[in-house]
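In: Next one to model:
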Amino acid sequence: MHSLWNDQEALTFGTDLLGQRVYTSRLLGRDPALVLHGGGNTSVKITEKDFFGDDVSLCYVKGSGWDLGTIERAGFSPVRMEALVKMSKLPTMSDEDMVVQQRAAMTNPNAPAASIEAILHAILPFRFVDHSHANAIAALTCNAEGEARVKEVYGKRVIVVPYVMPGFILAKTIADLIAGRDLRAEGIQGMVLLKHGLFTFDDDAKKSYELHIEMVTMAEEYLAKKSANASAAKAESSQDLLALAKLRQAVSKLRGLPQIARLNSSAEAVGYANLPTVADFGTRGPLTPDHSIRTKRAPAFIGEDMGASLQAFADDYAAYFNRNASGQTMLDAAPRFAIWPNHGVISFGDTVKDANIVADIAASTLATVQLGEAVGGWQPLPEKDIFDIEYWDLEQAKLRKGSARKIHQGKIALVTGCAAGIGFAIAESLAEQGAQVVGLDIDKEIPDIMKKIGGIGIVVNLTEDKPVQDAIDFVVREFGGIDIVVSNAGIFPKNDHLDVMAQTDWDRTISINLTSHQKLMNKVVPFVKVGCDASIIFVGSRNFKAPGPGASAYSCSKAALTQLCRVAALELASNRVRVNIVHPDAVFDTKLWTPEALQKSAERYGMTVEEYKTKNLMKVEIKSKDIGNMVSAMAGPLFSKVTGAQIPVDGGNDRVI
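Out: The predicted structure is shown next:
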């Protein structure tokens, strides 16, 4: 590991103490081998004037909810040193009281809640304190010989702290360890918390940070020397995408909520999953107990019988809860990541962001656990200590801060023909309700268009077999399955009567408006069958019931598409897949309807443009967003028992009614 300190970059953060604290905190946060997703904490002690002009000693400590990699000055909480030191001298203190008193001791009530380690940072007699959950420290200390290893690597440069619960108990333990000692005179430069992490400290920001890098590097070099003869097995991944979708569905059922699934099928992940004894050492526990709120105590191991493996995990988790609980309510028993031989490591989450966080932790875990096992046996904390963190209310509160769950959160939606108009409005509505949307369109701008709603766009000619299959495979490989399919792609050809219509216009219309939908169904239905609350929605037209002269190709294709929907509803009902069709009419806020075209059509009916836009029975304008919202609703719980339905969104049409 190398120091990332750069003198010029450091100056951009300011020469004051807090500016340097922000800079070195970010340096720690840049390396995932040190901290992941909100892990670790840092502090600096500063004397400054309060509102009344009096000097006050403060500990600026990382605020709860901030990530070291992106922290700003506003992410540090100014807490009065006097109060923190007084708290450290109390014989006992509840978590709730600690949080309240730390908040009461802050000079800025608008700052974030101070880290639960604020008391510990305050009692260390150095200006700068750096704390990480470095992988190398976990590999070094998660072993029966952890303390001996630490002393072998660092000698008397560090204090070795046995594992205790973070927060007040840890602060009190260290207060007792350092009471009456002169750490500077002893040459103490850090602390290693067994099975937890590393602290370094100094009165200079750069020295404290570079001490951290030096000590982690020493652990890495020690481990590398010990594991010189150990090698990980490697294997080629033989992905079975349908099996992936089935696994995701099974985990979602166990969780009670649709889950995004991210598969790491790298050579390293597959090699790890194929190690002969990984089912044992890979499921013993986390690198650091902090990870348990994201990953649970351990991953699942998926054997040949997927269902039996997940049930065994759920049973083991329930037993683990019952052994350790004292009044808590059990969380769901679904794994957050799983070791899957011949496939790799698969991570789950309510959103792509959540799944990615778990994936990052899982990748870090497998590399470190494998190393720890190779150099003497991986031995994480006892399960009771892990349980106390997993069910610690202060940690669970971090996960409860998110907004309310959206209707389609955790679902994966595939939408065709969504570069503009109705298709884009549908994709947007699904994304707004939490779905991860992938849009397929022949428009070359579709990747950028989908980025606007946080989705992914793929350029695809939907009349071609292989590109469609490749796109479907990508969606499943990337997110674990497909739950919502909106088959919307279509064209409206020029209006010609049957006796003058070019055969190519008929053939092209039928190919795009009908056959492309059939091709999509042929390839996507196997995955939708194993989706979560799966739904297929076709976008038809009122022309199927109320055709007009000169629109034979369009009207016939939409009528046939409606029949395709009805057949699909019959075929997929036993799989609990809902298939419905929406029939829009007179949607004028699309590219097709230019102001000139609208004016011309309105004049043909002897109407103003506004009258023409609202010429339905209810005299309301139908917009693309109305169709988008309807389709999103049809894919949701309101329509959970509706299939084979044909729903007009047209304000009422007398010819249809």
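
In: From the chain's centroid, how far away is stretch 70-80?
Out: Distance, stretch centre to chain centre, for stretch 70-80: 25 Å (Cα atoms, centre = their mean, to the nearest Å).

In: For that stretch, give me every contacting residue.
Out: Stretch 70-80 is contacted from outside by 18-19, 21-22, 25-26, 29, 43-44, 46, 56-63, 66, 102, 105-108, 111-115, 118, 122, using Cβ atoms under 8 Å, 6 or more residues apart in numbering. The C-beta positions use only the backbone N, C-alpha and C, and glycine is treated the same way.

In: repeat for stretch 156-164
Out: Applying Cβ under 8 Å, 6+ apart, the contact partners of stretch 156-164 are 147, 150-151, 170, 173-174, 177-178, 186-196, 215, 381, 385.

In: surely I627 meets G540?
Out: No: contact criterion Cβ atoms under 8 Å: I627 and G540 do not qualify, at 11.0 Å.

In: if you count what's nearby, which of the two comes out ahead?
Out: Counting neighbours by other Cβ atoms under 10 Å for I627 and for G540 shows that G540 has the greater number, 27 against 23.

In: picking that back up, in strands, which of the contacts of stretch 156-164 fall?
Out: 190-193 (DSSP state E).

In: picking that back up, and for I627 and G540, which residues touch both?
Out: Common contacts of I627 and G540 (Cβ under 8 Å, 6+ apart): 582, 584.

In: would P493 count as being in a helix?
Out: No: assessed with DSSP: H, G, I helix; E, B strand; the rest coil, P493 is coil; it does not lie in a helix.

In: so it sits right up against R508, yeah?
Out: Yes: applying Cβ under 8 Å, one finds P493 in contact with R508, separated by 7.2 Å.

In: Between these two, tell me which one has more neighbours.
Out: Per other Cβ under 10 Å, whichever of P493 and R508 has more neighbours is P493, with 20 against 15.

In: for that one, what are its contacts?
Out: 505, 508-509, 553-554.

In: and stretch 451-468, which residues are buried?
Out: Judged by neighbour count (16 or more other Cβ atoms under 10 Å), stretch 451-468 contains these buried residues: 453, 455-460, 462, 467-468.

In: ugh, wrong one, I meant stretch 466-478
Out: Buried residues in stretch 466-478, counted by 16+ other Cβ under 10 Å: 467-468, 471-472, 475-476, 478.

In: Downstream of the helix or strand bottoming out on mean pLDDT in the chain, the next helix or strand is which one?
Out: Of all helical and strand segments in the chain, the minimum by mean pLDDT, DSSP states H and E falls on helix 393-399, at a mean of 67. Under the assignment DSSP states H and E, the closest C-terminal helix or strand after helix 393-399 is strand 412-416.

In: mind listing what that following strand pairs with, with the direction of each?
Out: Paired neighbours of strand 412-416 in the sheet (DSSP bridges): strand 436-441 (parallel), strand 484-487 (parallel).

In: tilt between the helix or strand where A359 lies and strand 412-416?
Out: According to DSSP H and E, A359 maps onto helix 352-374. Orientation check (axes from the mean of the first three to the mean of the last three Cα atoms, to 10 degrees): helix 352-374 against strand 412-416 gives 130 degrees.

In: Could you shift the numbering so residue one becomes 46, and keep it that way?
Out: Fine by me, first position is 46 from now on; the one you just mentioned is helix 397-419.

In: Thank you kindly, that will do.
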